[in-house]
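Chemist: structure of the sequence below:
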Amino acid sequence: MDEYILEVRNLTKYFGGLKAIDNVSFKINRGEIYSIIGPNGAGKTTLFNMITGFIPPTEGEIFFQGQKINGLKPYQIARLGIGRTFQLTTLFMQNTVLENLLIGQKQTREFPVFHSIMSVKRRRVSQSEAVERAHAVAEFIGLGTFKNTMAAILPHGAQKQLSIGLALSGDPDLILLDEPLGGVDMDEIDMIIELIKKIRDEGKTICLIEHKMRVVMNISDRILALSYGKKLVEDLPEVVASNEDVIASYLGDRYAARG
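Modeler: Next comes the predicted model:
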């Protein structure tokens, strides 16, 4: 089995005359926490959107578990085993935690649609399995006591947990987390960090976009730094943190001084 779960080759994306991603290549190892950093406008979310099929690359190729996924629709890529969260929490606010986790499985589970007796029986089994998985995911993400609570009234940190739960619903092999700590209170940050580590410990691979640099430096196995759509460096956290181009474009001298 290939040690790389995801490989991006020479990816470029134009929006009109603007080159948002400029010939970026990288590989993500199975089972690691791989982080993508860079200032606003660096192209981080654009990368996620291309990997998950929401926008097509202008040039380049994307391979997931050895299969080229360029041109596939988002639901097809999700069914192959890639889950993601979004920068802005996309929950079904008028539904409960459990209902959210059930809805989250629809794009990754194929339910039989034929009307024979056998297919009806299989459909019931699938729905039963979906309910069972929703309960299991709720417990896993730490919201077991909130299963019947509407998403709208959850604390912000719990909403972030639930959005991660949605990404986990289809049991993906690779999970893309777009700023999972954005807007989270200080007392909730550790809870999200522990959840991310717990997901990795379950054998999942995580690709993370995050602006909280001390968190990124502490939990990442490797880091890719971008600036204006270009790759600055891809290396171990300590190497990235001391890279002069990264310091100049994003981290700043204060981080380097404190180290």
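Chemist: mind listing what's buried in the helix or strand that contains Asp190?
Modeler: According to DSSP states H and E, Asp190 maps onto helix 186-201. Using 16 or more other Cβ atoms under 10 Å as the test for burial, helix 186-201 gives Glu188, Ile189, Met191, Ile192, Ile193, Leu195, Ile196, Ile199, Arg200. (Glycine included, C-beta is placed from N, CA and C.)
Chemist: now stretch 231-245
Modeler: So, applying 16+ other Cβ under 10 Å, buried residues of stretch 231-245: Lys231, Leu232, Val233, Glu234, Pro237, Val240, Ala241, Asn243.
Chemist: which ones among these lie within helices?
Modeler: Among the buried residues of stretch 231-245, the members found in helices (DSSP state H) are Pro237, Val240, Ala241.
Chemist: please report how far the first one lies from Asp221.
Modeler: The one in question is Pro237. From Pro237 over to Asp221 the distance is 8 Å, taken as Cβ to Cβ, to the nearest Å.
Chemist: mind putting the ones in helices among the buried residues of stretch 231-245 into CSV with distance to Ile103 and pLDDT?
Modeler: Output for those, formatted as CSV (distance: Cβ to Cβ, whole Å; pLDDT from 0 to 100):
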residue, distance to Ile103, pLDDT
Pro237, 36, 95
Val240, 37, 94
Ala241, 40, 90
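Chemist: any weak-confidence spans in the stretch 101-250 of the chain?
Modeler: 107-125, 250 (pLDDT under 70).
Chemist: now do the helices in it.
Modeler: Assigned by DSSP state H, counting those that start in this stretch, the helices in the stretch 101-250 of the chain fall at 117-140, 156-168, 186-201, 213-219, 237-241, 244-246.
Chemist: I'd like those as a markdown table, with distance to Cys207 appended.
Modeler: Shown next, in a markdown table, are the helices of the stretch 101-250 of the chain (distance: least, Cβ to Cβ, whole Å):
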| stretch | distance to Cys207 |
| --- | --- |
| helix 117-140 | 19 |
| helix 156-168 | 11 |
| helix 186-201 | 11 |
| helix 213-219 | 12 |
| helix 237-241 | 15 |
| helix 244-246 | 18 |
